[in-house]
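> Okay, predicted coordinates and the sequence, questions at the end:
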Amino acid sequence: MVESKKLDSRIHKVIDQSIKHGHRGLVVLVGERSRDQVVILHHLLSKASIAARPSVLWCYKQDLGFTTHKKKRLKMIKKKIKAGTLDPNTNDTFEMLYQQLKYDTFYYSESHNILGNTYGMCILQDFEAITPNVLARTIETVQGGGLVVIALNSVKDIKTALQYSDGLP
């Protein structure tokens with residue numbers, strides 16, 4: 001069982017201020033479990049926003065970490081249940097969110113295809129592979145009051161991330 005920790009009040013403040021002023025908020029997630037934290041951030045953004053559930057843009061370089069094909073996803077879940085590695089009675093919050101969301105996933109190399117779209121939340125995974133043009137394209141798709149999330153999966157803690165001057169490992 002994972003121990004729960006109190007959410008930093010600065011996260012609430014960033015979300016509230018971005019919605020109030022119509023600016024984009026920026027949150028950096030560090031560590032391997034950032035995928036699970038995206039669920040919490042989306043929930044907070046949904047609660048704070050008056051509009052409907054924000055749509056999500058998920059950008060990455062190579063491996064998304066989960067499949068976006070619905071049939072493959074169901075097949076993987078059935079395989080996990082059969083192998084005994086997934087309990088069908090417990091709800092994985094990421095799985096639940098993933099099934100209910102309006103989302104788009106793009107490789108960084110396909111970022112020119114997202115121009116003209118608007119999203120409530122943008123997740124930038126594999127941040128070490130991003131270029132300035134891709135960063136500008138993806139952030140521009142987030143509506144005012146939306147949230148930009150940078151997921152640093154390859155970094156274990158924020159102190160390590162701050163030590164890199166030339167880039168991430």
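Yes, it's here.
> Would you check that residue 49 makes contact with residue 120?
Yes: A contact is recorded between residue 49 and residue 120 when judged using Cβ atoms under 8 Å, the distance being 7.2 Å. All C-beta spots, glycine's among them, are computed from the backbone N, C-alpha and C.
> Listing request: residues of the protein with sub-threshold pLDDT.
Scanning the chain for pLDDT under 70 picks out 1-5, 50, 63-101, 155-169.
> and stretch 123-137, which residues are buried?
Within stretch 123-137, the residues scored as buried using 16 or more other Cβ atoms under 10 Å are 123, 124, 125, 126, 127, 129, 130, 134, 135, 137.
> Surely residue 40 touches residue 7?
Yes: shown here, residue 40 and residue 7 form a contact pair, counting by Cβ under 8 Å, at 7.1 Å.
> Who has more neighbours out of residue 49 and residue 120?
With other Cβ atoms under 10 Å as the criterion, residue 49 and residue 120 differ in neighbour count, and residue 120 comes out ahead with 21 against 18.
> can you give me the helices in the protein?
If DSSP state H is used as the criterion, the helices of the chain fall at 9-21, 34-48, 70-83, 93-100, 132-140, 158-163.
> My guess is residue 139 contacts residue 57. True?
No: taking Cβ under 8 Å as the contact criterion, residue 139 and residue 57 are not neighbours in contact, 10.1 Å apart.
> measure residue 111 to residue 118 for me?
Using Cβ to Cβ, to the nearest Å, we find residue 111 at a distance of 15 Å from residue 118.
> So those two - more neighbours on which side?
Here residue 111 and residue 118 are compared on neighbour count by other Cβ under 10 Å; more neighbours surround residue 111, at 20 against 14.
> Next up, the contacts around the more buried one.
By Cβ atoms under 8 Å, 6 or more residues apart in numbering, the residues touching residue 111 are 59, 133, 134, 137, 138.
> and the second one, what is it in contact with?
Residues near residue 133 by Cβ under 8 Å, 6+ apart: residue 111.
> now with 10 Å?
By Cβ atoms under 10 Å, 6 or more residues apart in numbering, residue 133 lies in contact with 108, 111, 112.
> Any figure for the gap between it and residue 17?
Residue 133 sits 28 Å away from residue 17, taking Cβ to Cβ as the criterion.
> got it, and the third one?
Plainly put, residue 134 is 26 Å away from residue 17 if you go by Cβ to Cβ.
> my read: residue 126 touches residue 152, true?
Yes: judged on Cβ atoms under 10 Å, residue 126 makes contact with residue 152 at a distance of 9.3 Å.
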